[in-house]
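> can you look at this prediction? I've put the sequence above it.
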Amino acid sequence: MERCPWCGTDPIYVKYHDEEWGTPIHNDLKHFEFLVLESAQAGLSWITVLKKRSNYKSAYDDFDPIKVAAYSEEKISELLRNAGIIRNRRKIEASINNAKMFLNIQREFGSFDNYIWKFVNYKPLVNKWKDISEVPATSNLSDEISKDLKKRGFKFVGSTIIYSYLQATGLINDHIVTCFRYDDLSTTIKELSVNKELD
């Protein structure tokens, strides 16, 4: 079974690749989770963040943006003492700020999911990369979304972070064409499109 080479043989990475990466999500708590984790990753490797994911889930109240938005200075101090997460004050403060901005988007669009998927016309973008070296770090789409999020007050949402977020949440399918997940996800996307047309 061929996979995208970036996941290597680490069981955590392989499970993430096989079960999550590139799978379209439509759950606001998941969207917020990935925004927090991707922002925390800045300057680090993704595997570092994945290994701390369960600690983040516990420390961040299951990634509930309502609770995170209300975090106090006392809570920030608590998070800075938590060895299970990345103890970077700027990233922690950004996650709290972003929770507040996330709630603003929910109020404006009904859900964050409605907001983010409109950028791809509610259908995942399927690329056809033959080699991992072809996969970009940014795109015009990630530039556009990054710019819009920054305008709305988000922090730590540069184009590279946002491109990774789009890959993770399935707005973009960047599995290489020889990866078994490429066909799996492409088939799922086609079925969803057909069902939508029938509706």
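Nice, thanks for sending it over. Residues are numbered from 1 along each chain as shown.
> after the helix or strand harbouring K147 comes which helix or strand?
Assigned by DSSP states H and E, K147 belongs to helix 140-151. Counting by DSSP H and E, the element after helix 140-151 in chain order, helix or strand, is helix 159-168.
> the helix or strand just after that next one pairs with which strands, parallel or anti?
Next helix or strand after helix 159-168 toward the C-terminus (DSSP H and E): strand 172-173. Looking at strand 172-173 with DSSP bridges, its partner strands are strand 125-126 (parallel).
> please state the offset of the helix holding K147 from the chain centre?
How far helix 140-151 lies from its chain's middle: 14 Å, per Cα atoms, centre = their mean, to the nearest Å.
> so what touches it?
With contacts defined as Cβ atoms under 8 Å, 6 or more residues apart in numbering, helix 140-151 is touched by 101, 116, 119-120, 125, 157-163, 166, 172. All C-beta spots, glycine's among them, are computed from the backbone N, C-alpha and C.
> buried residues in that helix?
141-142, 145-146, 148-149 (16 or more other Cβ atoms under 10 Å).
> now stretch 98-116
For stretch 98-116, burial by neighbour count (16+ other Cβ under 10 Å) applies to 98-103, 105-106, 111-113, 115-116.
> same check, this time on stretch 153-170
Residues of stretch 153-170 classed as buried under the neighbour-count rule (16+ other Cβ under 10 Å) are 154-170.
> just for the chain, where's the confidence low?
By pLDDT under 70, the weakly predicted segments of the chain are 188-199.
> right, and the helix or strand after whatever helix or strand A94 lives in?
According to DSSP H and E, A94 maps onto helix 89-109. For helix 89-109, the following helix or strand on the C-terminal side (DSSP H and E) is helix 112-117.
> helices or strands up against the helix holding A94?
When contacts are defined as 3 or more Cβ pairs under 8 Å, 6 or more residues apart in numbering; DSSP states H and E, helix 89-109 packs onto helix 28-41, helix 65-69, helix 73-80, helix 112-117.
> so K130 touches H175, yeah?
No: using Cβ atoms under 8 Å, K130 is not in contact with H175; the gap is 11.4 Å.
> can you count the residues close to R90?
Using other Cβ atoms under 10 Å, the number of residues around R90 comes to 11.
> my guess is E38 meets I161, correct?
Yes: between E38 and I161 there is a contact under Cβ under 8 Å: 5.1 Å.
> tell me the contacts of the closest residue to S39 other than its chain neighbours?
Setting aside the residues directly before and after it, S39 is nearest to F156 in space (Cβ to Cβ, 6 or more residues apart in numbering), at 3.9 Å. Residues in contact with F156 (Cβ under 8 Å, 6+ apart) are 39, 42, 90-91, 94-95, 98.
> switch the residues you listed over to a markdown table; also include distance to C4.
Rendered in a markdown table, the data for these read as follows (distance: Cβ to Cβ, whole Å):
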| residue | distance to C4 |
| --- | --- |
| S39 | 23 |
| A42 | 22 |
| R90 | 31 |
| K91 | 27 |
| A94 | 29 |
| S95 | 28 |
| N98 | 28 |
